[in-house]
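**Student:** predicted model, plus sequence, below.
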Amino acid sequence: MGGQKVPNSSEETVAASVVPQRFAFGAFILDMQCGALTCEGRRVAIGHKGLLLLHALVRASTEVVSKSALMDAAWSTAIIEESNLSVQIAALRKMLGPQPEGNEWIATVPRVGYRFTGRVNSLHSAAVDAPAALPGSPANPGRPSIVVLPFANLSNDKQQAYLVDGITEDVITALTRFRWFRVIGRNSSFVYRNKSVSAKQVGQELGVGYVLEGSVRRSGSRLRVSAQLVETTSASEVWAERYDLELEEAFAVQDAIAERIAGAIEPELLKTASLPAAARHTGNMTAWEIVRQGTWHFHRVGQQTHLMARELFREACRLDPELAEAHLWLGRVSAGIVAYGWSKRPSEDIREGLDAALAAVRLDEKNPYTHYALAICSAYANAPEQAVLAAERAIEISPSFALGHLVLGMAELFRGSASSAIAPLEHGLMLNANDPQNFVWLNFLALAHLFAGDGANALAAAVRAQKVRPAWRPVQETLACCYATVGRLAEARSSRELMSEMENPPGDALEPLRQRNPHWQQRLAELLTQIPSNPLPTGAAHKALRQPTPD
């Protein structure tokens with residue numbers, strides 16, 4: 001049986017805004033806003049497809065859900081075989097185990113679909129069934145979620161955009177330190193730059209409960225920073241503040257804003273727990289401003305902008321050797337220059353990045369970004385084991401840190417653990433759904449599924465990567481291999497032709513993977529050779545080259 005077409009993203013957004021997002025059954029709580037399933041307060045390992053299928057079943061309660069509806073819910077844009085659904089349902093049954101009276105949670109309705117047999121309660125607020133836990137603890141999947149929109153530049157000088165962006169990023173970084181927040185990543189929030197959108201719309205599109213908006217006006221050495229926190233469901237203002245200060249005092253702004261937000265959202269927690277320090281600064285304003293200029297160039301992702309950013313970060317390190325931010329950004333940009341093939345001396349450049357990242361960790365061990373810098377540099381220094389440890393430490397410090405989950409998945413993939421790479425990559429993409437750089441992470445996810453033997457999910461991830469960056473040659477190569485794996489050779493041929501017409505990128509972001517896993521490289525090469533050069537006969541049938549497997 002063929003697959004079904006899934007509703008478009010706007011339809012999914014509308015649907016998500018009008019149906020309950022939290023459900024309780026037995027000892028389980030399913031929280032779709034956080035993308036988590038917990039049992040007696042402990043998180044359960046469940047794949048992304050399993051999560052979507054379980055949501056469709058519990059939302060229908062005891063009503064029958066057809067196979068086509070379940071396939072629509074779980075496979076975005078992919079044409080898949082019905083056997084994939086059967087495999088996922090079997091995996092769900094095994095993961096959930098039996099009900100207390102011995103019955104299965106999911107019943108098969110022959111020739112129709114499946115039905116959830118347990119009693120389901122929709123949780124619209126803090127539920128009595130939920131285990132007691134402080135907001136932000138692993139046992140509480142309903143922790144507050146927040147996005148910091150790009151602050152508006154109200155200065156007459158448009159060149160001050162780097163300073164405004166820097167203050168926005170400082171606030172995001174400060175908020176990630178409060179472990180009870182789920183903080184949306186920088187690149188997902190920056191897609192709203194210069195767009196007139198309501199807090200309610202942002203809340204629906206990103207699945208967050210709070211939006212922080214702000215503005216910065218600079219006049220000489222004076223700054224005026226305004227910020228307001230809005231609750232997205234009611235569009236009501238929770239907190240607002242204005243700061244008039246000297247430029248040198250900007251160090252304290254993001255700390256103050258983050259602390260006030262924490263107080264506004266979780267006042268009870270503040271009575272029982274002390275707040276962690278938000279950010280460490282050494283007081284060297286010149287170095288701090290140079291780092292802001294460097295990050296402005298870094299996020300434009302090009303050879304010249306990356307090289308310019310590196311020079312700025314090097315200068316900031318020279319001016320202030322104790323500024324952790326300067327070192328962590330030097331590590332990040334060094335890894336990027338090597339990965340994108342913009343380095344003339346890759347071994348020396350990644351060594352510089354590693355040294356900078358290690359210095360950043362020494363200077364600010366409790367900053368998740370310093371450990372991310374160490375992880376990404378280690379990955380491209382062909383040290384994925386160290387990358388895994390650094391990524392895990394970043395996540396320990398800030399469980400909502402999307403880049404930590406993403407780099408953990410990449411490191412697991414590089415060291416040959418395809419199955420272990422899937423969950424952190426999917427979780428990181430969920431936290432940072434709108435990052436324009438997600439085509440790289442989605443490509444990693446597609447390869448992880450492919451090497452784990454799951455062609456259908458590999459193809460779904462590759463299609464998502466293609467949507468973000470269709471003109472990137474590695475995406476077309478992965479897409480061609482995924483189509484070949486599931487036996488769709490006509491589409492595989494089309495992707496391979498597109499790939500051959502594209503210019504090879506100067507660098508190979510998969511080089512560490514190829515070096516350590518030559519059997520995977522051989523597998524990709526074999527798949528490409530199986531794609532016919534001539535058009536296939538109309539109506540030709542092709543069987544899948546691999547059987548579907550569960551997450």
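**Tutor:** Structure received.

**Student:** tell me the pLDDT at residue 410?
**Tutor:** The predicted structure scores residue 410 at 94 on the pLDDT scale.

**Student:** what is the burial count for it?
**Tutor:** For residue 410, the tally of surrounding residues (other Cβ atoms under 10 Å) stands at 31. The C-beta positions use only the backbone N, C-alpha and C, and glycine is treated the same way.

**Student:** in contact with it, which residues?
**Tutor:** Shown in contact with residue 410 (Cβ atoms under 8 Å, 6 or more residues apart in numbering): 379, 387, 421, 425, 441, 444.

**Student:** farthest pair within these?
**Tutor:** Across the contacts of residue 410, no pair lies farther apart than 387 and 441, at 14.7 Å, counting by Cβ to Cβ.

**Student:** one step back: can you select the buried ones from the contacts of residue 410 in ChimeraX?
**Tutor:** Below is the selection syntax for ChimeraX that covers the buried ones among those, with 16 or more other Cβ atoms under 10 Å defining burial:
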select :379,387,421,425,441,444
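
**Student:** looking at the contacts of residue 410, which are in helices?
**Tutor:** Residues of these located in helices (DSSP state H): 379, 387, 421, 425, 441, 444.

**Student:** looking at those residues, which one is closest to residue 358?
**Tutor:** Distance to residue 358 across those (Cβ to Cβ) is lowest for residue 387, with 13.0 Å.

**Student:** measure the closest one to residue 501 for me?
**Tutor:** Noted for residue 387: a distance of 34 Å to residue 501, by Cβ to Cβ, to the nearest Å.

**Student:** now, which of the contacts of residue 410 sits nearest residue 166?
**Tutor:** So of the contacts of residue 410, ranked by how close each gets to residue 166 (Cβ to Cβ), first place is residue 441, at 24.4 Å.

**Student:** show the pLDDT at that closest one.
**Tutor:** Reported pLDDT at residue 441 in the predicted model: 92.

**Student:** what's the burial count for the nearest residue to it once chain neighbours are set aside?
**Tutor:** Nearest residue to residue 441 in three dimensions, chain neighbours excluded: residue 406, at 5.1 Å (Cβ to Cβ, 6 or more residues apart in numbering). Per other Cβ under 10 Å, the neighbour tally for residue 406 reads 30.

**Student:** show me what contacts the closest residue to residue 193 other than its chain neighbours?
**Tutor:** With Cβ to Cβ, 6+ apart as the measure, residue 150 is the residue that lies nearest to residue 193, at 4.4 Å, once sequence neighbours are left out. Residue 150 makes contact with 164-165, 168, 189-190, 192-194, according to Cβ under 8 Å, 6+ apart.

**Student:** one more time with 10 Å, if that's ok
**Tutor:** In this structure, residue 150 makes contact with 161, 164-165, 167-169, 186, 189-195, 213-214, judged by Cβ atoms under 10 Å, 6 or more residues apart in numbering.

**Student:** now the buried members of those.
**Tutor:** Among the contacts of residue 150, those scoring as buried are 161, 164-165, 167-169, 186, 189-190, 192, 213-214 (criterion: 16+ other Cβ under 10 Å).

**Student:** could I get those residues as TSV with distance to residue 52 and secondary structure?
**Tutor:** Below are these laid out as TSV (distance: Cβ to Cβ, whole Å; DSSP: H, G, I helix; E, B strand; the rest coil):
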residue	distance to residue 52	secondary structure
161	39	helix
164	38	helix
165	35	helix
167	37	helix
168	32	helix
169	32	helix
186	26	helix
189	25	helix
190	27	helix
192	26	helix
213	32	strand
214	35	strand
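
**Student:** among those residues, which one has the lowest pLDDT?
**Tutor:** For those, the minimum pLDDT belongs to residue 186; the value there is 73.

**Student:** touching, it and residue 169? I think so.
**Tutor:** Yes - using Cβ atoms under 10 Å as the test, residue 186 is close enough to residue 169 to be in contact (5.8 Å).

**Student:** any residues in contact with both of those two?
**Tutor:** Where contact means Cβ under 10 Å, 6+ apart, the residues bridging residue 186 and residue 169 through contact with each are 148, 150, 295, 299.

**Student:** would you map the strands across the protein?
**Tutor:** With DSSP state E applied, the chain shows strands at 22-25, 28-31, 36-39, 42-43, 64-66, 106-109, 113-116, 121-122, 145-148, 152-153, 182-183, 210-219, 222-231, 236-246, listed in chain order.

**Student:** mind listing the strands the second one pairs with, and their directions?
**Tutor:** Using DSSP bridges, strand 28-31 pairs in its sheet with strand 22-25 (antiparallel), strand 36-39 (antiparallel).

**Student:** out of these, which is closest to residue 99?
**Tutor:** Between residue 99 and the strands paired with strand 28-31, the shortest separation by Cβ to Cβ is 9.0 Å, and it involves strand 22-25.

**Student:** measure the nearest residue to residue 401 once chain neighbours are set aside to residue 388 for me?
**Tutor:** Taking Cβ to Cβ, 6+ apart as the measure, residue 401 lies nearest to residue 368, with 4.5 Å between them; neighbours along the chain are not counted. The gap separating residue 368 from residue 388 is 15 Å, by Cβ to Cβ.

**Student:** quick one: stretch 399-414 to chain centroid distance?
**Tutor:** The chain centre lies 9 Å from the centre of stretch 399-414; the measure is Cα atoms, centre = their mean, to the nearest Å.

**Student:** do I have it right that residue 525 meets residue 484?
**Tutor:** No - here residue 525 lies out of contact with residue 484, judged by Cβ under 10 Å, at a distance of 11.4 Å.

**Student:** which one of these two is surrounded by more residues?
**Tutor:** Under the criterion of other Cβ under 10 Å, the comparison of residue 525 against residue 484 puts residue 484 first, with 27 against 11.

**Student:** now residue 514. Nearest residue, chain neighbours left out?
**Tutor:** The shortest distance from residue 514 to any residue other than its chain neighbours is 4.7 Å, reached at residue 521 (Cβ to Cβ, 6+ apart).

**Student:** so what pLDDT did that neighbour get?
**Tutor:** Predicted confidence (pLDDT) at residue 521: the value is 89.

**Student:** what is the burial count for it?
**Tutor:** Close neighbours of residue 521, defined as other Cβ under 10 Å, add up to 14.

**Student:** what do you get for residue 28?
**Tutor:** For residue 28, the number of neighbouring residues by other Cβ under 10 Å comes to 19.

**Student:** just to revisit the earlier point, for residue 451, see how far away the residue nearest to residue 401 is.
**Tutor:** Taken as Cβ to Cβ, the spacing of residue 368 relative to residue 451 amounts to 28 Å.

**Student:** ok, residue 475 next?
**Tutor:** Here the distance between residue 475 and residue 451 works out to 17 Å (Cβ to Cβ).

**Student:** between these two, who's got more neighbours?
**Tutor:** For residue 475 versus residue 451, neighbours defined as other Cβ under 10 Å are more numerous around residue 475 (27 against 21).

**Student:** hang on, the more buried one packs against residue 446?
**Tutor:** Yes - assessed by Cβ under 10 Å, residue 475 is found in contact with residue 446 at 8.4 Å.

**Student:** what is in contact with those two at once?
**Tutor:** Taking Cβ under 10 Å, 6+ apart as the contact criterion, the common neighbours of residue 475 and residue 446 are 462-466.
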